[in-house]
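*Asks:* Here is a sequence with its predicted model. Questions after.
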Amino acid sequence: MKNYRRYPEYKDSGIEWLGEIPAHWEIVSVKRFAEIVNGATPRSSESEYWNGNIAWATPDDLGQLRSRVLKDTSRHITKAGYASCGTTLIPPGSLIISTRAPIGHLAIAGRELCINQGCRGLILNEHDSSEYRYYSILAVKPILQSLGEGSTFRELPRDTLANVVLSNPPQKERKAIADFLDRETAKIDALVEKKERLIELLKEKRTALISHAVTKGLDPNVPMKDSGIEWLGQIPAHWEVKPFKQLFVVIYRYPTYYNIQYVTEGIPEIRGEALTENGDIISLEYERYISCETDARYPRTKLQLGDLVMSVRGTMGKIGLVDQRYVGANITANLMRLSPKKDVSSLFLRWFFLSEYFNQLLNNVSSQTTIKTITVPQLSQIPVTLPPQDEQRTIAAFLDRETARIDALIEKIRKSIDLLREYRTALISAAVTGEIDVRGGIEQETKVTKRSKRTLLL
């Protein structure tokens with residue numbers, strides 16, 4: 001954090017979360033600088049209400065926004081649709097805030113538009129700064145979330161939003177703060193974008209590394225031969241290509257069962273959510289257990305050490321290697337148990353199944369229904385490249401080591417992105433609450449802190 005100067009004099013704002021503010025600043029509730037309007041949704045069954053020219057914003061539109069200005073929406077309504085419900089057109093420069101599912105997504109309207117009932121519009125007073133008000137509301141997002149009410153889903157009531165208190169510098173100062181934050185957050189956002197792109201490149205490198213190792217091997221000078229598969233091309237001359245079904249003693253997915261009784265203690269049930277992108281099985285926040293009686297009905301899906309578990313419905317192709325923790329566990333109906341033969345390394349197969357090559361094959365042979373599904377017969381015919389057993393282990397060890405290095409670097413970059421985003425949040429809060437004076441140069445040091453997440457309302 002740069003060493004920004006402090007204001008020369010402060011006073012108590014009277015607001016617990018806000019604390020002290022510059023002596024010449026005021027405080028103001030939302031209702032004092034904006035007219036709050038509600039949104040609504042035309043009946044979805046009436047086709048004449050939809051696909052018109054009126055932009056209609058939802059919380060999803062705000063959540064997917066990559067900038068602060070909302071220039072268009074995913075859905076539009078007609079004049080008839082607008083007239084049929086209680087939504088209101090709001091002018092460009094107004095603020096849009098989601099007040100349910102979830103609370104706190106925020107944007108500046110870049111065009112005239114209306115909103116659904118999950119949002120509220122803030123039509124600002126004339127000559128007010130939409131940019132400053134955007135940042136000042138963004139800074140209190142945690143507070144707005146804490147003020148939500150309801151059990152089924154939390155919603156920020158209109159009156160509660162109207163009475164939220166914010167700092168209110170003089171108009172010229174609001175512009176100076178907004179200009180400063182525009183400039184500084186743009187720098188942070190650009191750096192975050194570069195780091196996110198670097199993560200994508202590292203993931204692409206990881207994917208290419210896996211696919212090359214399990215289809216071409218590690219020796220660039222090894223003699224090659226035609227695999228007999230057009231889109232696979234050449235493979236090392238001493239490798240084989242075998243159908244999936246020849247590699248396993250067991251390939252089994254049990255029938256979907258009904259009225260299953262879960263118990264507080266019993267046999268662990270592995271679910272698709274427990275399979276990671278690295279081919280591991282992780283403990284979930286809460287485990288599910290089936291009774292011994294249920295487990296006994298499905299002995300062929302009872303897991304043994306070295307088995308592989310594969311998701312075959314929905315998110316297909318996720319893989320998990322069974323370690324000692326899950327020996328004796330069972331699986332849900334959207335998973336498949338794969339028990340390799342003795343001359344086939346489950347460690348190698350795990351990486352083969354994580355390759356782009358295998359995932360493309362899955363997509364080609366799977367049932368293209370609403371929910372993608374792969375059956376045992378479809379899976380059984382997929383060709384698998386198979387090195388000798390010692391080379392299988394060597395390739396698996398190489399990929400364990402090299403992907404771990406890439407994963408560590410990705411995690412380091414992700415942590416740096418988190419720090420940048422925390423810094424961005426703290427900088428916005430410091431500027432709009434007067435912790436730092438951004439009107440001039442950098443003079444004396446001040447520590448930017450996170451404000452309390454509690455508020456008092458006027």
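*Replies:* Perfect, I can see it now. The structure displayed is predicted, hence computed values, not measured ones.
*Asks:* What's the local residue count around Gly341?
*Replies:* Careful, residue 341 is Lys and not Gly. Neighbour count for Lys341, taken as other Cβ atoms under 10 Å: 11. Backbone N, C-alpha and C define where each C-beta goes, glycine included.
*Asks:* Kindly report the same for Ser211.
*Replies:* Residues near Ser211, counting by other Cβ under 10 Å: 19.
*Asks:* Wait, it touches Phe353, no?
*Replies:* No: counting by Cβ atoms under 8 Å, Phe353 is not a contact partner of Ser211; they are 11.5 Å apart.
*Asks:* So which residues of this structure form helices?
*Replies:* All helices of the chain, identified by DSSP state H, fall at 30-33, 59-63, 79-84, 130-138, 141-146, 158-162, 171-216, 292-297, 346-353, 356-365, 376-380, 389-433.
*Asks:* Relative to Gln246, which of the ones you listed is closest?
*Replies:* Taking Cβ to Cβ, helix 376-380 is the member of the helices of the chain nearest to Gln246, at 8.8 Å.
*Asks:* mean confidence score for the closest one?
*Replies:* Averaging pLDDT along helix 376-380 gives 85.
*Asks:* tell me what that helix is packed against?
*Replies:* Helix 376-380 is packed against strand 248-252, helix 356-365, with contacts defined by 3 or more Cβ pairs under 8 Å, 6 or more residues apart in numbering; DSSP states H and E.
*Asks:* Name the residues that touch the first one?
*Replies:* The reference is to strand 248-252. Contact with strand 248-252 is made by 244-245, 300-301, 307, 336-341, 344, 376, 379-380, as judged by Cβ atoms under 8 Å, 6 or more residues apart in numbering.
*Asks:* can you give me how far stretch 23-42 is from the chain middle?
*Replies:* 30 Å (Cα atoms, centre = their mean, to the nearest Å).
*Asks:* buried sites along that stretch?
*Replies:* 25, 28-31, 33-34, 36-37, 39-42 (16 or more other Cβ atoms under 10 Å).
*Asks:* Could you pull out the buried residues of stretch 317-334?
*Replies:* By neighbour count on 16+ other Cβ under 10 Å, the buried set for stretch 317-334 is 317-322, 326, 329-332, 334.
*Asks:* go on, stretch 154-164?
*Replies:* 154-156, 160-164.
*Asks:* Out of the residues you listed, the closest to Arg111 would be?
*Replies:* The nearest one, if we look at the buried residues of stretch 154-164 relative to Arg111 and count by Cβ to Cβ, is Leu161, at 23.0 Å.
*Asks:* returning to what we had before: could you give me the PyMOL selection string for whichever of the contacts of strand 248-252 are buried?
*Replies:* To isolate the buried members of the contacts of strand 248-252 in PyMOL, using 16+ other Cβ under 10 Å:
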select buried, resi 244+301+307+336+337+338+339+340+344+379
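*Asks:* which one of the contacts of strand 248-252 sits closest to Glu293?
*Replies:* Among the contacts of strand 248-252, and counting by Cβ to Cβ, the member closest to Glu293 is Thr301, at 14.9 Å.
*Asks:* So the closest one sits against Arg337, correct?
*Replies:* Yes: taking Cβ under 8 Å as the definition, Thr301 is a contact partner of Arg337 at 4.9 Å.
*Asks:* From Gly279, how far out is Val214?
*Replies:* Val214 is 12 Å from Gly279, where distance means Cβ to Cβ, to the nearest Å.
*Asks:* overlap in contacts of these two?
*Replies:* By Cβ under 8 Å, 6+ apart, the residues touching both Val214 and Gly279 are Trp351.
*Asks:* Settle it for me: which of these two has more neighbours?
*Replies:* Taking neighbours as other Cβ under 10 Å, Val214 and Gly279 compare with Val214 leading, 27 against 22.
*Asks:* which non-adjacent residue is nearest the more buried one?
*Replies:* Distances taken as Cβ to Cβ, 6 or more residues apart in numbering place Phe352 nearest to Val214, at 4.5 Å, with adjacent residues excluded.
*Asks:* residues in contact with the one you found?
*Replies:* 214, 358, 384-385.
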